[in-house]
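J.: give me coordinates for this.
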Amino acid sequence: MILLLTIILFRPIIGSASIIKIPQDFLVIQDGLDAAESGDTVMVAAGIYSGDGNRDLNFNGKAIALISEGGSDSTILDCGANLEAGNFRGFIFENGEDSSAHVVGFTIKNAGLLSIGHVPSGGAGAYIWNSSPVFENCVFENNVIDPGPKKILTEVAEELSGGAVLCDSNAAPYFQNCVFIGNQVWHGGGAIYCYKSSPVINGCLFIDNFAFRGPGAAILCDSLSFPVIANSTFFGNFVDQGPGSAIACRFGSHSSLSASIIAFNIGTDAIYCDSTSSSDVDCSNLYGNSGGDWAGCVESLNDSSGNMCVDPIFCDTLARDLHLGAASPCAPSNNMCNRFIGALHVACLWGYVCGDASGNEKINLLDITYIIRYLYKGGPPSEPEEAADANGSGNVDLLDITFLVYYLYNAGPPPICPGP
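T.: Now for the predicted structure:
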């Protein structure tokens, strides 16, 4: 809600800005976008939106905020692409839209460029050409580029790349807190393909994306592309025949990776660079990738600039819950960078129960007295000390005592693990 209000309140004021509601004012989303002027907000109610007018969405160069009321879990753009129905994208940005064009809180799924004949370029979930829109809190799921069994294998790469997103020709989109899961592509960039483009990716998850020929199961940086990636997590991505089980750079490209996790991806080395390309990495954890972790162009970066090769201790990899366990080296108190590494913070009980200061695996009066003894009687700290930080503030103090009192005796909220 804070994010939504911030976007609405601080958007450029062009004339008298309006809020257009879907489906109250218009039944389909594109009609709302067409009616909107720059500076307007199109607000979409929770629901599943499919069919014409709810796919191949185009802002047509306008500075519009397209925002869901209920978030990505309840607001779904089901593009419904298949060989019988045809090729459908989620979004098309090709009219120079800048960072005042916002897409917030949608799941974009089942978009596809599926053809036995010509595939009209990549980017099933979003095609972004010479534009810089902002995607926040969105999910790109099960978007597919498959040329069909008769596709000529010598087809140019950009026509078979970018299962979820294609960034083309000086595109510079911004992805904040987005999830890319289960997207598939024939060539490279199972999730994102960059061609002469420089996206910024922050706080994003890349899970189970697949690139058949590769390179780059999750991201392919091609032909002078310069993506900046921070606080993101790559897990379970798979490249079958090419290099780069997470990220690949070629033809003069360079990727910057900071405070991120690349773990348990399948194929070749985690980060690949051809002889003309490079990658810089800091405060990141590369671990458990089947083709190698700190190899190739990033081999010399292990154990420097806060980098590591240690099990990140995810909460539940089978359920794809990539929050961190309390003992994770990617939690701030456990790494030399003193910051969260990866897209998600501590959220499970690996190592301690949040609020269990006494260490008896229960939350009760003993925990209150334990914190009092620690703060005022010279008693020992909790093990680990974060277990006593009941309000998740990053400090153990009187507020944690009052927090536990309210939880135990006044139906207050449960203790929370320290977050970013």
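J.: output the lowest mean pLDDT helix or strand found in this structure.
T.: helix 2-9 (a mean of 47; mean pLDDT, DSSP states H and E).
J.: name the residues that touch the helix or strand immediately after it in the chain?
T.: Using DSSP states H and E, the helix or strand that follows helix 2-9 in sequence is strand 19-22. By C-beta atoms under 8 Å, 6 or more residues apart in numbering, the surrounding residues in contact with strand 19-22 are 8, 26, 28-29, 32, 35-36, 40-45, 49. From N, CA and C alone the C-beta is placed, and that goes for glycine too.
J.: how long is stretch 359-370 from one end to the other?
T.: End-to-end distance of stretch 359-370 (C-alpha to C-alpha, to the nearest Å): 10 Å.
J.: number of residues surrounding Asn60?
T.: Neighbour count for Asn60, taken as other C-beta atoms under 10 Å: 14.
J.: and the gap between it and Ala101?
T.: Relative to Ala101, Asn60 is positioned 10 Å away (C-beta to C-beta, to the nearest Å).
J.: and the contacts of strand 19-22, which two are furthest apart?
T.: Pairwise distances across those (C-beta to C-beta) peak at 21.9 Å, for the pair Ile8 and Val28.
J.: so between those two, which is more surrounded?
T.: Using other C-beta under 10 Å, the more surrounded residue of Ile8 and Val28 is Val28, with 18 against 15.
J.: show me what contacts the more buried one?
T.: Contacts of Val28 (C-beta under 8 Å, 6+ apart): Ile22, Tyr49, Gly51, Asp52, Gly53, Asn54.
J.: residues in a beta bridge with the first one, which ones?
T.: With beta bridges defined as DSSP bridges, Ile22 has these partners: Val44.
J.: quick one on the thing from earlier: just put the contacts of strand 19-22 in CSV and tack on distance to Asn265 and secondary structure.
T.: Shown next, in CSV, are the contacts of strand 19-22 (distance: C-beta to C-beta, whole Å; DSSP: H, G, I helix; E, B strand; the rest coil):
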residue, distance to Asn265, secondary structure
Ile8, 38, helix
Phe26, 42, coil
Val28, 38, coil
Ile29, 34, helix
Gly32, 39, helix
Ala35, 44, helix
Ala36, 40, coil
Asp40, 41, coil
Thr41, 38, strand
Val42, 37, strand
Met43, 38, strand
Val44, 34, strand
Ala45, 37, coil
Tyr49, 32, strand
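J.: only whichever of the residues you listed are buried, select them in PyMOL.
T.: In PyMOL, a selection of the buried entries from the contacts of strand 19-22 looks like this (16 or more other C-beta atoms under 10 Å):
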select buried, resi 26+28+29+32+36+40+41+42+43+44+49
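J.: distance to Leu318 for the contacts of strand 19-22 - can I get that in a markdown table?
T.: As requested, the contacts of strand 19-22 are exported to a markdown table (distance: C-beta to C-beta, whole Å):
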| residue | distance to Leu318 |
| --- | --- |
| Ile8 | 39 |
| Phe26 | 42 |
| Val28 | 38 |
| Ile29 | 35 |
| Gly32 | 40 |
| Ala35 | 46 |
| Ala36 | 43 |
| Asp40 | 44 |
| Thr41 | 39 |
| Val42 | 38 |
| Met43 | 37 |
| Val44 | 33 |
| Ala45 | 34 |
| Tyr49 | 31 |
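J.: and of the contacts of strand 19-22, the nearest to Phe212?
T.: Nearest to Phe212 among the contacts of strand 19-22, with distances taken as C-beta to C-beta, is Tyr49, at 29.8 Å.
J.: quick check, the closest one in contact with Cys79.
T.: No: applying C-beta atoms under 8 Å as the test, Tyr49 and Cys79 come out as separate, 9.5 Å apart.
J.: tell me the confidence at the closest residue to Gly355 other than its chain neighbours?
T.: Distances taken as C-beta to C-beta, 6 or more residues apart in numbering place Pro415 nearest to Gly355, at 3.0 Å, with adjacent residues excluded. Looking at Pro415, its pLDDT stands at 79.
J.: checking my notes, Ser290 in a helix, right?
T.: No: read with DSSP: H, G, I helix; E, B strand; the rest coil, Ser290 is coil and lies in no helix.
J.: check the gap between it and Asp31 for me.
T.: Distance from Ser290 to Asp31, by C-beta to C-beta: 47 Å.
J.: returning to what we had before: okay if I get the contacts of Val28 as a markdown table plus pLDDT and distance to Val144?
T.: Formatted as a markdown table, the contacts of Val28 follow (pLDDT from 0 to 100; distance: C-beta to C-beta, whole Å):
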| residue | pLDDT | distance to Val144 |
| --- | --- | --- |
| Ile22 | 98 | 26 |
| Tyr49 | 98 | 19 |
| Gly51 | 95 | 19 |
| Asp52 | 95 | 20 |
| Gly53 | 98 | 22 |
| Asn54 | 98 | 18 |
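J.: now the two most distant members of those residues.
T.: Ile22 and Asp52 (14.4 Å).
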